[in-house]
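Undergrad: when you get a sec, could you give me coordinates for this:
(chains A, B, C and D, ligands or ions: 4)
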2 protein chains.
Amino acid sequence: MASPQPPYPASARSADDDVLRHFSARERIAARGGRVTRTRLAVLEMLQHGSHPLSHDEIGDALASAGVAHDRVTLYRALDWLVEQGLARRIAGGERAWRFEGVRDAAHRHAHFHCDRCGQVVCLEGLEPAPATALPNGFQVERAELVLHGQCATCGHGDEEARPR
Amino acid sequence: MASPQPPYPASARSADDDVLRHFSARERIAARGGRVTRTRLAVLEMLQHGSHPLSHDEIGDALASAGVAHDRVTLYRALDWLVEQGLARRIAGGERAWRFEGVRDAAHRHAHFHCDRCGQVVCLEGLEPAPATALPNGFQVERAELVLHGQCATCGHGDEEARPR
DNA sequence: GGTCTTGTTGCAACATTGTAGCATTAGGCG
DNA sequence: CGCCTAATGCTACAATGTTGCAACAAGACC
Ligand SMILES: [Mn+2]
Ligand SMILES: [Mn+2]
Ligand SMILES: [Zn+2]
Ligand SMILES: [Zn+2]
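TA: Ligands and ions are numbered 1, 2, ... in the order given. So this is what the prediction gives:
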């Protein structure tokens, strides 16, 4: 998990360093031997600062609003790469599209809440998905995904204000 | 949840009855005021007897093998209807397609295991997803979905025999 | 059993989300 | 500055659902 990638830069640093001090998105990308490109950089910065997981589509819109030109496919590939490198995480909200969030602490996993009215997903930092359980023989768990479904605070305000999507 | 649908048959029965005695798929469909059609009937029978959740595609293949002619869209609609009626449940495996399973006990929820090698999903009847937790203010949980990811018993046998999908 | 009503089907067209192939561009090192 | 090749930006394609609508058939009523 901290094994060096081929063309590591001179000032190599382990993935764990990222947890302790905070490096810039540019540095974190370069440290993994990847080229710092427009899309990767903008996406990683967005994910690092964002507070909740975003879909490919939402990220694309945000990039467009920020005036960052980008291609749909390139965005998919940038996200895949960030996930491979452990810089982002892909989570499976209740809808059909993946959502992505920046990884701050690689060791820390948390559950998510999916609002079935507005579709918003929020992180439940305090809630760690229970991993250890008696499984059928021969099964081996690698990770657990816990998604709570219901109604978020905003959607619960005035009676059914927000419309479903 | 047990509120009667418009055209209820004379011998109306509540959804809970289904739990106690077991009615035929034909009866359970009719009891909800739905028309008993080829596809609905075959699908519900399949789901009731199946041991693990199936995707739309797998169900379609199974129907074909069993010689039950059906249309792709009709199958989607039959599944939607069964879910609406509480006769089936839709779960969000780690892949892009929904999976469906028959509902035996409406009150009983359980977690699932998703094998990341072969894609198989198995029910963890013993494991109930923890619902009660301290949520941000104003949030209201309706249900919890817990999916464990890892390697199933079959895939764990010979070193990496089954290939990923 | 025959008729009527309307819930369901079956088809074609479309939408969303993601991948594959491949020529072209541009990141970063010397 | 120039080179090498990782990444991009297209265009197609694949997988999974959804929508609209005319035709059909389930089942209630006689
Ligand atoms: Mn999160
Ligand atoms: Mn199950
Ligand atoms: Zn909401
Ligand atoms: Zn497996």
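
Undergrad: which helix or which strand is home to the closest residue to A:A42 other than its chain neighbours?
TA: Counting by C-beta to C-beta, 6 or more residues apart in numbering or on different chains, A:V68 is the residue found nearest to A:A42 once chain neighbours are left out, at 4.6 Å. Every C-beta, even on glycine, is put in place using the N, C-alpha and C of the backbone. With the criterion set as DSSP states H and E, no secondary-structure element contains A:V68; it sits in neither a helix nor a strand.

Undergrad: ok, now A:E145?
TA: Using DSSP H and E, A:E145 falls within strand A:140-151.

Undergrad: one more: A:L63?
TA: According to DSSP H and E, A:L63 maps onto helix A:56-65.

Undergrad: quickly check: that helix near DNA strand C or not.
TA: Yes: Helix A:56-65 lies within reach of DNA strand C by C-beta under 7 Å from any atom of the strand, at A:56-57.

Undergrad: next one: the helix or strand following that helix, is it in contact with DNA strand C?
TA: Sequence-wise, the next helix or strand beyond helix A:56-65 is helix A:72-84, with elements assigned using DSSP H and E. Yes: when contact is scored as C-beta under 7 Å from any atom of the strand, part of helix A:72-84 falls within range of DNA strand C: A:72-73, A:76, A:80.

Undergrad: near ligand 3 too, which of those residues?
TA: Of the residues in these, proximity to ligand 3 by C-beta under 5 Å from the ion holds for none.

Undergrad: which among those end up buried?
TA: Among those, none counts as buried by neighbour count (16 or more other C-beta atoms under 10 Å in any protein chain shown).

Undergrad: sorry, back to before: for the helix holding A:L63, buried residues please.
TA: Per 16+ other C-beta under 10 Å, helix A:56-65 contains these buried residues: A:56, A:58-60, A:63.

Undergrad: pick the one among these closest to B:V121.
TA: Within the buried residues of helix A:56-65, proximity to B:V121 (C-beta to C-beta) peaks at A:H56, which comes in at 24.2 Å.

Undergrad: so for that closest one, what's the pLDDT?
TA: Per-residue confidence for A:H56 comes out at a pLDDT of 98.

Undergrad: give me the low-pLDDT residue ranges for chain A?
TA: When the per-residue scores of chain A are filtered using pLDDT under 70, the ranges that remain are A:1-21, A:131-132, A:158-165.

Undergrad: quick one: the helices in it?
TA: Under the criterion DSSP state H, helices of chain A are mapped to A:17-20, A:25-31, A:38-49, A:56-65, A:72-84, A:153-156.

Undergrad: list the contacts for the closest residue in space to A:H157 that isn't next to it in sequence?
TA: Ranked by C-beta to C-beta, 6+ apart and with sequence neighbours excluded, the top spatial neighbour of A:H157 is B:G138, at 7.7 Å. Remark: with contacts taken as C-beta atoms under 8 Å, 6 or more residues apart in numbering or on different chains, B:G138 is in contact with A:152-154, A:156-157.

Undergrad: derive a ChimeraX selection command for the buried subset of those residues.
TA: Only the buried entries of the contacts of B:G138 go into this ChimeraX selection, using 16+ other C-beta under 10 Å:
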select /A:152,156
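
Undergrad: how about the contacts of B:G138 in CSV, adding distance to A:G126?
TA: Written out in CSV, the entries for the contacts of B:G138 read as follows (distance: C-beta to C-beta, whole Å):
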residue, distance to A:G126
A:C152, 16
A:A153, 16
A:T154, 20
A:G156, 20
A:H157, 23
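
Undergrad: residues near the closest residue to A:I29 other than its chain neighbours, how many?
TA: Taking C-beta to C-beta, 6+ apart as the measure, A:I29 lies nearest to A:V36, with 5.1 Å between them; neighbours along the chain are not counted. Neighbour count of A:V36, defined by other C-beta atoms under 10 Å in any protein chain shown: 14.
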